[in-house]
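Asker: Kindly return the folded structure for what I paste below:
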Amino acid sequence: MKTNKKLPLFIITGASGVGKSTICEVLFQNETEYIIMESDLLWHDVYNTPNDNYRKYRELWLRICANISQIGKPVVLCGCVTPEQFDVCIEKDLFTEIYYLAIICDDDIIENRIKKGRKISDENWIKGSIEFNQWFKDNGKDHNIHLLSTTGLLPEQAAKEIDKWIRDKMIKNVHFDF
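Answerer: Residues are numbered from 1 along each chain as shown. Sure thing, here's the model as predicted:
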């Protein structure tokens, strides 16, 4: 009989340019109690299905995270997602809970990071990122998403805040499904 560990899943989300990748890199370098994964890692054009909210890609990541957590450590998945993208997936039941934290910041910071840091000048990309950032500000609490503003924070400071949030939420007892 196969025994599966059931742990929480932590999602670090936010718009392009808010600092997710940089902050998750700091977490990755310092973490010992959880596993950090970058959701862009497996991206392929076959998953570019906005009509179904990228469902197969989200299902793939939920299965991967559930399998990784079998080592006894929860997974922290970093990427641009919203809760409804995972809510429709059966695989969400592989976790005790899915916790969301959205990194947000001021619009001018997003624009600067995208233009200067990523060297992207596509105004539609920038506008979309700013609108997505605003969506989290306007709707995050209604969707049980913890918000962390990186405006005025160094990546190390933001990573420390996120690490505290993760550790506060970690379930001490591992649940087994038989």
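
Asker: V76 should be in a helix, yeah?
Answerer: No: counting by DSSP: H, G, I helix; E, B strand; the rest coil, V76 falls outside a helix, being strand.

Asker: contacting residues around the lengthiest strand in the chain?
Answerer: If you go by DSSP state E, the chain has its longest strand at strand 98-104. By Cβ atoms under 8 Å, 6 or more residues apart in numbering, the residues outside strand 98-104 that reach it are 8-15, 18-20, 23, 83, 86, 92, 133, 136-137, 140, 143-150, 158, 162, 165-166, 169. No exception for glycine: its C-beta is placed from N, CA and C like everyone else's.

Asker: Taking these, please make a PyMOL selection of just the buried ones.
Answerer: In PyMOL, selecting the buried portion of the contacts of strand 98-104, with burial taken from 16 or more other Cβ atoms under 10 Å, looks like this:
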select buried, resi 8+9+10+11+12+13+14+15+18+19+20+23+83+86+92+133+136+140+145+148+149+150+158+162+165+166
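
Asker: Mind checking which of the contacts of strand 98-104 are in helices?
Answerer: In helices, defined here by DSSP state H, the members of the contacts of strand 98-104 are 20, 23, 83, 86, 133, 136-137, 158, 162, 165-166, 169.
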